[in-house]
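[1] Here is my input; please provide its structure:
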Amino acid sequence: MGTEVWPGKPYPRGATYDGTGVNFAVYSQVATRVEVCLFDPANPSREIDRFDLPEVTEFVWHGFVPGMEPGTLYGLRVHGPYDPARGHRCNPYKLLVDPYAKALYGEPDWKQPVFAYTLGHKEQDLARDEQDSAAGVPKGVVVSDFFDWGNDRRPDVPWRKTVIYEAHVKGLTMRHPAVPEHLRGTYAGLSHPAVIEHLLKLGVTAVELLPIHEAADDSFLNDKGLSNYWGYSTLNYFAPEQSYASRRTPGSQVAEFKSMVKALHAAGIEVLLDVVYNHTCEGNHLGPTLSLKGIDNTAYYWTMPDPRYYLDFTGCGNSLNASLPQAAKLIADSLRYWVTEMHVDGFRFDLATTLGRQGGGEFSPNAPLFQIINQDPVLNRVKLIAEPWDVGLGGYQVGHFPAPWREWNGKYRDALRRYWKGDENLAGEVGHRLAGSSDMFQEARRRPQASINFVTAHDGFTLHDLVTYSHKHNEANGEHNRDGADDNQAWNCGVEGETDNGQVVALREQQKRNLLASLFLSQGVPMLVAGDEMGRTQGGNNNAYCQDNEISWVDWNLDPRRKALLDFTSRLIQFRHRQPVLQRRRFFQGERIWDSRFKDLTWYRPDGSEMSPEDWNKPFVRSLAFLLGGDAIPTPDERGQRIFGDALLVLLNAHHEPVSFTPHAPAEGRQWVLEFYTADDTRGPEPLQGKTFELTGRSLAVLREAAKDESK
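    Have a look, this model is predicted:
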């Protein structure tokens, strides 16, 4: 005992090492005293010293410890009112994680007294528990921000050229044969040359990582021998998840994460983070007290009119109230840290509608956090993607987020799934989605890239399972198959599950190619889920959040069929990169641009006639085509020059029988070249023979107008 403590400064928040010592700063409006406890690195459950933060400035408790070094383990104890009826839950017997800690060491131990109330007491959470929780709480780690970034440069890929690859740090590499075993499942494994080579060959420009903020496993999952694999149970918004580090020494995860970003940037690949600022792992009023709840509960969480209880817009027990100053500051500070110190390129916000709720809980595109981000010179320049829904009233807000946000387009996913499984009355809906969803974004003067297009995501069926199962099979989750969505718009092609029936297998492969081709031929920003390019399966599990095993891990052992799908997907993405008409920055007008030969977008019936308004309203229309004018692009390139690209004609037949299409006649000296045909992935590129092209049932073809002597 006897640590020397100077007054220090109220900023920045957290534990900040400056080369001579460490400054601590913690906000709490309700605290009457804040202690910092130090722990033995050799035995993190053993407290070796504690001291009070001696000064308080505008509710920020602070102090400076000269000579303290990186690697120091610490936690907080906040003295103040324990009065749940008024929303206050301070309990100095409970060690707390500093919300601004840059790294954590250790995991929550649910067998320890991490609940602030006495379990089993007749008054539940009203009775304060006085057992010390330190042995069961992760410790903050003092880290140094010094890192040799060298000549690291952000790839800064324009939205129109962006192709997103959604991946799990661990799941992507755990089964990769070229990644050394000790690096599998880690940040270092994800940046291994073999993984980067795959990403470059595929053609993706950004990896979007499932949550890498330090998260807590749920006790009910631990009891079943499972874990919160996806990580949507955040404990700290600054610390990278320690279990993804190849070295398990305190703080090593920070440098390893930075090295991963540096390696991906060197390959021209951006790093986006899936972030969970809508709730924390502390749960409802009966949940554990690990951090914010015990520091200043009502400064961070939505509470009901009876402040003992939490408003839950997330389905996870609590919701962070981003309309409150300190909660908004915590989120903005965290985002800024990841951009400035960790060099990430953007974020995908889980259940982002919650972050836009204000006042009585209604969503507003002018919510405080959105304004803060829009005005911040650091944050308004990175990629911002909203999952535009939550589980609260009025939670589905697709199309209503403000610029510069982009949005996951759930309507795109549903329309494309339903179309290719043969549902009726979808022509108009599919037309809107393929053309960039102008019906959702144009009125607010947003652009096609406001739409993040996807047919699968981490949550739900994989692409393979989408065409292999009509029903979920989540028995491994231990909830008697009651968890996960029941409505998946999936079709098993005639047999539930895996089969040796050659016709069914062939149709499934064709359906995968149909969905992938639709995705990469659409206006907007495509997102591919890791492993879908190789036919990854979860055995029909559409809610594999708790499966940290081969159910979730990407299988890199490719048979000929899976390798063919990978090659097809890579060809598609590379084709997209070469075609300006697939990267438009403005919505279509359905007109000729300047002296263009074609309209920017024209829709055709199979007989070659333009579709009429009546055609769009026919419920049985499953076969149609659209032509993209390569000389009808209204926006110039980066140097102000007019953009010329190829004209593309896309033929779609979701009907189960063949349909003969009559393509628009090419100009003199030019011809249609078949680039892709999903019924036969070995065909293309090849000149189109004859004046018609017959599409087999449930197939898609892409024709490109080219000079007849192009191949000479």
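[2] buried sites along stretch 265-280?
    For stretch 265-280, the neighbour count (16 or more other CB atoms under 10 Å) marks 265, 269-280 as buried. Yep, even glycine has a C-beta here, placed from its N, CA and C like the rest.
[3] just the helices in the stretch 151-300 of the chain please.
    Taking DSSP state H, counting those that start in this stretch to define them, one finds helices in the stretch 151-300 of the chain at 169-173, 187-190, 193-202, 219-223, 252-266, 292-300.
[4] What are the contacting residues of the third one?
    Translated: helix 193-202. Here helix 193-202 makes contact (CB atoms under 8 Å, 6 or more residues apart in numbering) with 165, 172-173, 176, 178-179, 189, 207, 263-264, 267-269, 528, 533, 566, 569-570, 573.
[5] Mind checking which of those are in strands?
    Counting by DSSP state E, the contacts of helix 193-202 place 165, 207, 528 in strands.
[6] Include pLDDT, distance to Val455 and neighbour count when you put the residues you listed into a markdown table, please.
    As requested, the ones in strands among the contacts of helix 193-202 are exported to a markdown table (pLDDT from 0 to 100; distance: CB to CB, whole Å; neighbours: other CB atoms under 10 Å):
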| residue | pLDDT | distance to Val455 | neighbour count |
| --- | --- | --- | --- |
| Tyr165 | 99 | 14 | 25 |
| Val207 | 99 | 19 | 25 |
| Leu528 | 98 | 9 | 26 |
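[7] Contacts for the helix or strand of the chain with the lowest mean pLDDT next, please.
    The weakest-scoring helix or strand in the chain, judged by mean pLDDT, DSSP states H and E, is helix 219-223 (a mean of 89). For helix 219-223, the surrounding residues in contact (CB under 8 Å, 6+ apart) are 110, 227-228, 546.
[8] Tell me the most packed of those, by neighbour count.
    Cys546 (26 neighbours; other CB atoms under 10 Å).
[9] measure it to Gly225 for me?
    10 Å (CB to CB, to the nearest Å).
[10] cool, Tyr244 as well?
    Distance from Tyr244 to Gly225, by CB to CB: 21 Å.
[11] ok, these two, which is more surrounded?
    The residue with more neighbours, out of Tyr244 and Gly225, is Tyr244; 23 against 8, by other CB under 10 Å.
[12] Let me see the contact set for the more buried one.
    With CB under 8 Å, 6+ apart, Tyr244 has these contacts: 169-170, 185-187, 212, 253, 257.
[13] Include pLDDT when you put the residues you listed into a markdown table, please.
    Output for the contacts of Tyr244, formatted as a markdown table (pLDDT from 0 to 100):
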| residue | pLDDT |
| --- | --- |
| Val169 | 98 |
| Lys170 | 98 |
| Gly185 | 98 |
| Thr186 | 98 |
| Tyr187 | 98 |
| Ile212 | 98 |
| Gln253 | 98 |
| Phe257 | 98 |
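[14] which one of these sits closest to Tyr301?
    Ile212 (23.2 Å; CB to CB).
[15] Report how many residues lie close to the closest one.
    So Ile212, with other CB under 10 Å, has 25 neighbours.
[16] Tell me the confidence at Ser711?
    Note for Ser711: predicted pLDDT of 55.
[17] if we look at the strand or helix carrying Glu694, which residues are touching it?
    Applying DSSP states H and E as the criterion places Glu694 in strand 693-695. For strand 693-695, the surrounding residues in contact (CB under 8 Å, 6+ apart) are 623, 651, 653, 658-661, 663, 674, 679, 701, 703.
[18] buried ones in it?
    693, 695.
[19] Can you name the secondary structure element that comes next after that strand?
    By DSSP H and E, the next helix or strand past strand 693-695 is strand 699-707.
[20] Can you work out which other helices and strands pack against that next one?
    Contact here means 3 or more CB pairs under 8 Å, 6 or more residues apart in numbering; DSSP states H and E; on that basis strand 699-707 packs against helix 502-520, strand 648-653, strand 670-677, strand 693-695.
[21] at 6 Å what do you get?
    On a contact count with 3 or more CB pairs under 6 Å, 6 or more residues apart in numbering; DSSP states H and E, strand 699-707 meets strand 648-653, strand 670-677.
[22] Centre of the chain to that strand, how far?
    33 Å (CA atoms, centre = their mean, to the nearest Å).
[23] pLDDT (mean, whole number) over that strand?
    Mean predicted lDDT for strand 699-707 stands at 97.
[24] Can you list the strands that it pairs with?
    In the sheet, strand 699-707 lines up against strand 648-653 (antiparallel), strand 670-677 (antiparallel) (DSSP bridges).
[25] all strands for the stretch 401-550 of the chain, in order.
    If DSSP state E, counting those that start in this stretch is used as the criterion, the strands of the stretch 401-550 of the chain fall at 406-408, 451-453, 525-529.
[26] could I get those strands as TSV with distance to Gly120?
    Shown next, in TSV, are those (distance: least, CB to CB, whole Å):
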stretch	distance to Gly120
strand 406-408	42
strand 451-453	47
strand 525-529	43
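[27] quick one, which of these is nearest to Ala332?
    strand 406-408 (18.9 Å).
[28] low pLDDT regions in the stretch 201-350 of the chain?
    Nowhere does the stretch 201-350 of the chain drop to pLDDT under 70.
[29] again, but for the stretch 1-150 of the chain
    Residues of the stretch 1-150 of the chain that meet the cut-off, pLDDT under 70, sit at 1.
[30] now the strands for it?
    14-17, 21-27, 33-40, 43-52, 55-57, 60-66, 73-79, 82-83, 88-89, 104-105, 139-141.
[31] where along the stretch 351-500 of the chain do the helices fall?
    368-375, 410-420, 427-434, 438-441, 463-466.
[32] and among these, the most buried is which?
    Among the helices of the stretch 351-500 of the chain, ranked by average contacts under mean count of other CB atoms under 10 Å, first place goes to helix 463-466 (a mean of 26).
[33] so how far is that one off the chain centroid?
    So, by CA atoms, centre = their mean, the centroid of helix 463-466 is 19 Å from its chain's centroid.
[34] same deal with stretch 140-157?
    22 Å.
[35] same check, this time on stretch 444-463
    With CA atoms, centre = their mean as the basis, stretch 444-463 stands 10 Å off its chain's centre.
[36] Okay, buried residues for it please.
    By 16+ other CB under 10 Å, the buried positions in stretch 444-463 come out as 446-463.
[37] Send me that stretch as PDB with only the CA atoms.
    Included here for stretch 444-463 are C-alpha records, laid out as PDB according to Å, rounded to 0.1, in the frame of the first residue of the first chain:
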ATOM      1  CA  ALA A 444     -33.800  11.900 -49.400                       C
ATOM      2  CA  ARG A 445     -31.200  12.700 -52.200                       C
ATOM      3  CA  ARG A 446     -29.200   9.600 -51.200                       C
ATOM      4  CA  ARG A 447     -27.400   7.500 -53.800                       C
ATOM      5  CA  PRO A 448     -27.500   3.800 -54.800                       C
ATOM      6  CA  GLN A 449     -24.600   3.100 -52.400                       C
ATOM      7  CA  ALA A 450     -26.900   3.900 -49.500                       C
ATOM      8  CA  SER A 451     -28.100   0.300 -50.000                       C
ATOM      9  CA  ILE A 452     -25.900  -2.500 -48.600                       C
ATOM     10  CA  ASN A 453     -27.100  -5.500 -50.600                       C
ATOM     11  CA  PHE A 454     -27.000  -9.000 -49.200                       C
ATOM     12  CA  VAL A 455     -28.700 -12.300 -49.500                       C
ATOM     13  CA  THR A 456     -27.200 -13.900 -46.400                       C
ATOM     14  CA  ALA A 457     -25.500 -12.500 -43.300                       C
ATOM     15  CA  HIS A 458     -24.000 -14.100 -40.200                       C
ATOM     16  CA  ASP A 459     -27.500 -14.200 -38.700                       C
ATOM     17  CA  GLY A 460     -29.500 -16.800 -40.600                       C
ATOM     18  CA  PHE A 461     -28.800 -19.500 -43.100                       C
ATOM     19  CA  THR A 462     -25.600 -19.600 -45.100                       C
ATOM     20  CA  LEU A 463     -26.000 -19.500 -48.900                       C
END
